[in-house]
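Enquirer: Output the structure for:
(chains A and B)
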Amino acid sequence: MQAAPIVFIQAGLTYPNGVEALTDISLTIADQSAVAVVGPSGCGKTTLLRTIAGLERVSVGSLQVAAGAKRAMVFQSGLLFPWMSVADNISYGLMTRGTPAEQCRVIAREWADRMGLQRFIDAYPHQLSGGMQQRVGIARALAIQPDIVLFDEPFAALDAQTRLIMQELVCDLRRQGVCGTMLFVTHAIDEALIVADRIIVMSARPGRIIADLTPQLADVPSADKRALPAFNQAFADIWAQIRQEVDVQMHEGVN
Amino acid sequence: MPQNRWLSWLSPLLLVVLWEAAVQLGLLNRIFIPPPSEVVVALAKGLADGSMVADVLISSRRIALGFLIGAIPATLLGIWSGLNRTVYLLVRPLATMLYPVPKIALLPLVIVVLGIGEVSKIVTVAISVFLMVVIHTIGGVMQIDQRFFEVGRVYGANQRTLFRTVALPASLPAIIEGWKLAMGFALTLIVGVEFVGASNGIGYRIWQSYELYSIADMMASVCVIAALGWIITIGLDEVERLVVPWRHTVKESRMPLLKKWWGAVRPWSYTAAIIPVLLGASIAAQQGGLNWLWLALALIGSIAIQGGTNLMNDYYDYKKGTDTPAVKGTGGALLRGEMTPNQIFWAGIIAFAVGSTIGLYLVYMTGPFIFWLGLCSVAVGYFYTAGPFALAYVGLGELAVFIFMGPVMVLGSYYLQQPVVSWPAIWASLPVAFVVAAILHANNLRDIDTDILNHKRTLATMLGRAGARVEFYVLVGGAFVSVLVLIALGLAPWPTLLCYAVAPLAWRLMRTAATEDAAEKLHSVLRGSAVLHMRFGLLYVLGWVIALWV
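Expert: Prediction:
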């Protein structure tokens, strides 16, 4: 894998209906780094992620994703296939690439064990709690051994305690080195600080990058950094930036 | 809450009672509104002479063909329109325009074009089904959450994989819903169609009763078509459960009751009760028509007795405490605490009551032979494990089962249809007798060590393990060899060779029985023998049924 698997150069995206979602995005994401994207709602964070996933195309400038990089995405509210068992959901990305069913089953079982889902391997998604569903969503992403993992506000719909547990889980997975290059979109600043090392702050629509921070909080990914004084400082800095943008939005009557 | 369940039965029951009373007391004119009892008599008569069954089969065939001809292309076209904008724009307006037309209004036109025969009836049903299914399928495909397609694309699915893993499963619930509605329409429609242009079928039957002013017959036919609708609904629900399992696991809170009884009554153990009855009837059918009512009653009676036996065994085993949760193959519903002993006991009593009532009715209708046959069976059943000479414990278990769950039951069922003691029927029952005895012997083979310790004398303990193995080969092999011998002697038709389709299973069972000593493994032989009995028996019966046409 090359040094920077994702490079935006003065990229922008305007939808066919004239809404400008992204503007003047220049961003280089290093291999194996963990980057969080925060910003006010509707700022185009998710759109940014979708361009990397290949679900949208930038309309100006350029986006280069390393050739052959395997991309996986963890969606908001999971988006598991309700008609597939946990095992089939986990191994979906393997199945589409022609992995034999038996091997799919083995890998699904491995990931279910890893995620504490071994008892639910044959369950259907609706039988699982929200937190467990999102574990399946993460397992589905990581089972394909992706080079790039995109998280799109994955824990937004979970209750506060489950969120904390899931954040710890992501830190664990990062320590195990299975997340590849990670992009994590969230509207929660503390979440961004916990799961990522580098924080991109975006403006209100049309989204552009207004800050790019690398707070020095801890050597290894861990939820414990929440207790550090520097954590609160970083939180306050980022919030100050976003706060301004939210105010702008409110005055313009957007959203 | 469980007490309240009875309330929902109360109102229909009360209605029937009040209705009967009102007619009997002369408050209602029985010429216009016959009492329920007369309707039941009319129903029994219709079933007994076979005409009712024939009409139901004719209507069912029309519905089934119309449904298939309509639903299959409609489903395919609906999916295509849902996915492809051009096809959608071509299909949808036409379907929506035609949809509100009452399909029965098209019947005269269809008759003009296709004639008054069978085709026009099937086509009318098919048109109705087609429109219903097309509209529902389009709707089902269009309402798929587009984000699922995005998930598929992100994870590398191509168009074909997207169709197979997203479009199809996501729209299946709506498609099946469309099928169910279409089936309801088909049922309604066929009655109307048969009112007008038919000389058979259930709708014709209703209309004919009207013309003859035989209101009891009319009501009986209405009951039958209601039952048909009910069966179709259950069938489609079952299809839905199979095809869209992810939707039904939600309803588990409602399931346990049914599941508990299912476990207690063990319907899968009934092949031993069903196959001899079917075989006797299908052998008799070679000589002429069937009395469907008696066949149905014989089946229900046989199942009821078997079910009652299962329930009572559980009850007494539980009372004696011989079963522990570890014991394999027992009912276990009691042991797992899912049911109270009282529930099981009374369910057993009810099953026996149903069984013996039917038995007595059949004796009343056909004479003393069935009575003596039944009495002998009951006696053998009793002395099987009771009394000083318990058959099962002097090594006669296999023989008793061989005779009574083979020739005796087959002959009984045969006799209901053709009142003669038929030696050919007895000979023809031998293959089934061999396999049913093999089940029991597989049980004894498994338990051989514990039986020796407990001084239980079965044929297996008397022969020793090596001899018992040979006995198993003889019984399983005997089933297959006897079929060949019967065909060679002209006592069985050649299509019964069908049962050789299960020869591989039989071979596997014999291999396992030959090489394994562990009770665990031999338990799988026991279960396999029961499966063998069912499949072998059904195929053998099927052979006899096919012989009716070839």
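Enquirer: Give me the local confidence score for the closest residue to chain B within the stretch 151-255 of chain A.
Expert: Nearest residue of the stretch 151-255 of chain A to chain B, counting by CB to the nearest CB: A:Asp152, 10.3 Å away. Backbone N, C-alpha and C define where each C-beta goes, glycine included. Per-residue pLDDT puts A:Asp152 at 93.
Enquirer: How many residues are close by it?
Expert: By the measure other CB atoms under 10 Å in any protein chain shown, the count of residues near A:Asp152 is 22.
Enquirer: again with A:Ala30
Expert: 14.
Enquirer: again with the one 3 residues further on
Expert: For A:Ser33, the count of nearby residues is 18 (other CB under 10 Å).
Enquirer: repeat for B:Asn200
Expert: Neighbour tally, B:Asn200, other CB under 10 Å: 17.
Enquirer: In which helix or strand does A:Ile199 reside?
Expert: strand A:198-202 (DSSP states H and E).
Enquirer: That strand pairs with which strands, and in what direction?
Expert: Strand A:198-202 sits in its sheet next to strand A:34-38 (parallel), strand A:209-213 (antiparallel), going by DSSP bridges.
Enquirer: Let me know which of those is the nearest to B:Ala220.
Expert: With CB to CB as the criterion, B:Ala220 lies closest to strand A:34-38 of those, at 72.7 Å.
Enquirer: does any part of the helix or strand immediately after the closest one in the chain sit near chain B?
Expert: Under the assignment DSSP H and E, the closest C-terminal helix or strand after strand A:34-38 is helix A:45-53. Yes. Using CB under 8 Å from any CB of the partner chain, helix A:45-53 reaches chain B at A:Ala53.
Enquirer: how far does the strand holding A:Ile199 sit from the chain's center?
Expert: The chain centroid and the centroid of strand A:198-202 are separated by 13 Å, computed with CA atoms, centre = their mean, to the nearest Å.
Enquirer: same deal with stretch A:143-153?
Expert: Centre to centre, stretch against its chain (CA atoms, centre = their mean), the figure for stretch A:143-153 is 8 Å.
Enquirer: Now that stretch: buried residues?
Expert: A:Ala143, A:Ile144, A:Pro146, A:Asp147, A:Ile148, A:Val149, A:Leu150, A:Phe151, A:Asp152, A:Glu153 (16 or more other CB atoms under 10 Å in any protein chain shown).
Enquirer: okay, it in PDB with CA atoms only?
Expert: The C-alpha trace of stretch A:143-153 is given here as PDB (Å, rounded to 0.1, in the frame of the first residue of the first chain):
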ATOM      1  CA  ALA A 143     -14.200  -9.700   7.600                       C
ATOM      2  CA  ILE A 144     -13.000  -8.700   4.100                       C
ATOM      3  CA  GLN A 145      -9.700  -7.500   5.500                       C
ATOM      4  CA  PRO A 146     -10.200  -4.000   4.100                       C
ATOM      5  CA  ASP A 147      -7.500  -1.500   3.400                       C
ATOM      6  CA  ILE A 148      -9.900   1.300   4.100                       C
ATOM      7  CA  VAL A 149     -12.700   1.200   6.600                       C
ATOM      8  CA  LEU A 150     -15.300   4.000   6.600                       C
ATOM      9  CA  PHE A 151     -17.500   4.500   9.600                       C
ATOM     10  CA  ASP A 152     -20.600   6.700   9.000                       C
ATOM     11  CA  GLU A 153     -21.900   7.800  12.400                       C
END
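Enquirer: element containing residue 179, please.
Expert: Since no chain was named, I'll use chain A. Going by DSSP H and E, A:Cys179 is not part of any helix or strand.
Enquirer: wait, chain B
Expert: Element membership for B:Trp179 (DSSP H and E) is helix B:168-197.
Enquirer: one step back: need the contact list for the residue of the stretch 151-255 of chain A closest to chain B.
Expert: A:Asp152 is in contact with A:Thr46, A:Leu49, A:Arg50, A:Met73, A:Val74, A:Phe75, A:Gln76, A:Val185, counting by CB atoms under 8 Å, 6 or more residues apart in numbering or on different chains.
Enquirer: give me phi/psi at B:Asn342?
Expert: The phi and psi values for B:Asn342, taken as degrees, to the nearest 10, are phi -60, psi -40.
Enquirer: looking at chain B, which helix or strand is least sure?
Expert: When the helices and strands of chain B are scored by mean pLDDT, DSSP states H and E, helix B:256-265 comes last with a mean of 62.
Enquirer: Any regions of the stretch 101-250 of chain A where pLDDT drops low?
Expert: Nowhere does the stretch 101-250 of chain A drop to pLDDT under 70.
Enquirer: and what of the stretch 1-150 of chain B?
Expert: Low-confidence segments of the stretch 1-150 of chain B, defined by pLDDT under 70, span residues B:1-7.
Enquirer: ok, back up a step: can you give the contact residues for the strand holding A:Ile199?
Expert: In contact with strand A:198-202 (CB under 8 Å, 6+ apart) are residues A:27, A:33-40, A:43-45, A:48, A:192-193, A:208-215, A:234, A:238, A:241-242, A:245.
Enquirer: Output it in PDB with nothing but the alpha carbons.
Expert: Output of strand A:198-202 as PDB, limited to C-alpha atoms (Å, rounded to 0.1, in the frame of the first residue of the first chain):
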ATOM      1  CA  ARG A 198      -6.400  13.100  13.700                       C
ATOM      2  CA  ILE A 199      -9.500  15.200  13.700                       C
ATOM      3  CA  ILE A 200     -10.900  17.000  10.600                       C
ATOM      4  CA  VAL A 201     -13.400  19.800  11.400                       C
ATOM      5  CA  MET A 202     -15.800  20.700   8.700                       C
END
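Enquirer: Same question for the helix or strand hosting B:Thr309: list its buried residues.
Expert: Using DSSP H and E, B:Thr309 sits within helix B:292-320. Buried positions in helix B:292-320, judged by neighbour count with 16+ other CB under 10 Å: B:292-295, B:297-299, B:301-318.
Enquirer: Pull up the residues of the stretch 101-250 of chain B that are close to chain A.
Expert: Counting by CB under 8 Å from any CB, the positions of the stretch 101-250 of chain B adjacent to chain A are B:147-148, B:150-158, B:161, B:165-166, B:169-170, B:172, B:244-246, B:249-250.
Enquirer: tally of neighbours for the residue lying closest to A:Ala211 once chain neighbours are set aside?
Expert: Nearest non-adjacent residue to A:Ala211, counting by CB to CB, 6 or more residues apart in numbering or on different chains: A:Val201, 3.9 Å away. As a burial measure, A:Val201 scores 24 neighbours (other CB under 10 Å).
Enquirer: Which residues does A:Val201 form beta bridges with?
Expert: A:Val38, A:Ala211.
Enquirer: Give me the most central residue, chain A.
Expert: Nearest to the mean C-alpha position of chain A, counting by CA atoms, centre = their mean, stands A:Phe151 at 1.7 Å.
Enquirer: Identify the bridge partners of that residue.
Expert: A:Val74, A:Phe184.
Enquirer: OK, contacts around it?
Expert: Contacts of A:Phe151 (CB under 8 Å, 6+ apart): A:Met73, A:Val74, A:Val170, A:Met182, A:Leu183, A:Phe184, A:Val185, A:Thr186, A:Val195.
Enquirer: helix, strand or coil for the third one?
Expert: Under DSSP: H, G, I helix; E, B strand; the rest coil, A:Val170 falls in the helix class.
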